[in-house]
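*Asks:* Quick one, what's the 3D model for this:
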Amino acid sequence: MTTSICLLEALRGDLLLLTVVTRKKASFIESYNQLRDKIGATTLTSLEDGEVLSDHYKLLAVDLRDIHIFAEFISIALQAMG
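*Replies:* Coordinates of the predicted model:
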């Protein structure tokens with residue numbers, strides 16, 4: 001396999017995992033009133049697409065249990081914002 005094909009396969013795997021995780025999060029939010037109330041009454045969730053659209057909820061591409069990677073992620077995001 002060429003490098004680009006390997007990268008494509010890895011990306012497909014990452015996208016599949018991300019979709020599974022976001023669908024699970026959307027399902028939790030739809031299932032628990034406390035979560036829905038916390039992120040706002042105007043929140044839209046799509047279990048099929050694994051989307052949660054809200055002004056009070058953002059999906060981050062980091063594991064929040066690893067605070068050092070999270071801090072680095074925030075630092076990079078702030079630098080990108082200018």
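*Asks:* going forward, measure contacts and count neighbours with C-alpha atoms only.
*Replies:* Fine.
*Asks:* Determine how far stretch 41-53 lies from the middle of the whole chain.
*Replies:* 12 Å (C-alpha atoms, centre = their mean, to the nearest Å).
*Asks:* what residues does that stretch touch?
*Replies:* Under the criterion C-alpha atoms under 8 Å, 6 or more residues apart in numbering, residues 19-27, 29-30, 36, 54-55, 58 lie in contact with stretch 41-53.
*Asks:* can you do 7 Å?
*Replies:* With contacts defined as C-alpha atoms under 7 Å, 6 or more residues apart in numbering, stretch 41-53 is touched by 19, 22, 23, 26, 27, 54.
*Asks:* can you tell me the distance between the two ends of that stretch?
*Replies:* 11 Å (C-alpha to C-alpha, to the nearest Å).
*Asks:* where does this protein dip in pLDDT?
*Replies:* The chain contains residues with pLDDT under 70 at 1, 4-8, 10-11, 14, 61-62.
*Asks:* Show me where it has its helices.
*Replies:* Per DSSP state H, the chain carries helices over the ranges 3-31, 33-39, 67-81.
*Asks:* Same list (the ones you listed) but as a markdown table, adding distance to residue 47 and mean neighbour count.
*Replies:* Shown next, in a markdown table, are these (distance: least, C-alpha to C-alpha, whole Å; neighbours: other C-alpha atoms under 10 Å):
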| stretch | distance to residue 47 | mean neighbour count |
| --- | --- | --- |
| helix 3-31 | 5 | 14 |
| helix 33-39 | 14 | 13 |
| helix 67-81 | 26 | 11 |
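*Asks:* isn't residue 36 right up against residue 26?
*Replies:* No. Judged on C-alpha atoms under 7 Å, residue 36 makes no contact with residue 26 at a distance of 10.0 Å.
*Asks:* what's the distance between the residue nearest to the spatial centre of the chain and residue 50?
*Replies:* Geometric centre of the chain, nearest residue: residue 59, 3.3 Å, by C-alpha atoms, centre = their mean. Separation of residue 59 from residue 50 (C-alpha to C-alpha) stands at 11 Å.
*Asks:* Ok, residue 60 next?
*Replies:* 14 Å.
*Asks:* got it, and residue 43?
*Replies:* Noted for residue 43: a distance of 13 Å to residue 50, by C-alpha to C-alpha.
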